[in-house]
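[1] I'd like to go over a predicted model; first the sequence, then the structure.
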Amino acid sequence: MTGVPARKPIDPAAARAAVVAVGPWLRDQSLPAPARAELAAAVRLTARTLEDVAPGNSVEVRVPPFVAVQCIEGPRHTRGTPPNVVETDPRSWLLLVVGAVGFDDLVEDGTVSASGSRAGEVAHWMPLVPLDLR
């Protein structure tokens, strides 16, 4: 039987290190943005951490242009546009991941698009990598 090998779980220390590396920019947006590879690592590792801690296929989390993951137990989605989608930009995602802003606040200001009855369940898993940005 052939199939896709299971993805190796994300190392929490690697995810934290990637987030800490972009921490100064998260604290102060007037600083130059991190290098694309550095930003991509922080976004991908944290999104895949969510995928690991909240396994399932009922909500798709998209952080273009870097990653899209499916998470949270429930009905599996396989074709077309998923019914439950959370989409945001890399900086907003990382601010959510570290606990600097709340999910509902980002949805309210339009920084996060959350569609579907289960999309808000992502908030339950935040912060993934708590970081004090003061």
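    The structure has been received and is ready for your questions.
[2] Flag the shaky bits of this structure, pLDDT-wise.
    1-6, 76-80 (pLDDT under 70).
[3] need the helices for it, in chain order.
    Taking DSSP state H as the test, the helices found in the chain are 12-21, 23-27, 36-53, 90-98, 103-108.
[4] Of the ones you listed, which stretch is the most buried?
    helix 90-98 (a mean of 23; mean count of other CB atoms under 10 Å). Quick note: C-beta positions are derived from backbone N, CA and C, even for glycine.
[5] Which neighbouring elements make contact with it?
    helix 12-21, helix 23-27, helix 36-53, helix 103-108 (3 or more CB pairs under 8 Å, 6 or more residues apart in numbering; DSSP states H and E).
[6] circling back to that earlier point, could I get the helices of the chain as TSV with distance to N84?
    Listed next are these as TSV, based on distance: least, CB to CB, whole Å:
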stretch	distance to N84
helix 12-21	23
helix 23-27	27
helix 36-53	14
helix 90-98	17
helix 103-108	13
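[7] Quick check: the gap between the nearest residue to A33 once chain neighbours are set aside and L128.
    Once flanking residues are discounted, A33 sits nearest to W25: 6.1 Å by CB to CB, 6 or more residues apart in numbering. Distance of W25 to L128, computed by CB to CB, to the nearest Å: 18 Å.
[8] Over to Q70?
    Separation of Q70 from L128 (CB to CB): 16 Å.
[9] Mind checking which of the two has more residues around it?
    Legend: neighbour count by other CB atoms under 10 Å for Q70 and L128, higher for L128 (23 against 19).
[10] For the more buried one, which non-adjacent residue is closest in space?
    V97 (4.8 Å).
[11] now swap in E121 and tell me
    I72 is the one closest to E121 (CB to CB, 6+ apart), at 5.3 Å.
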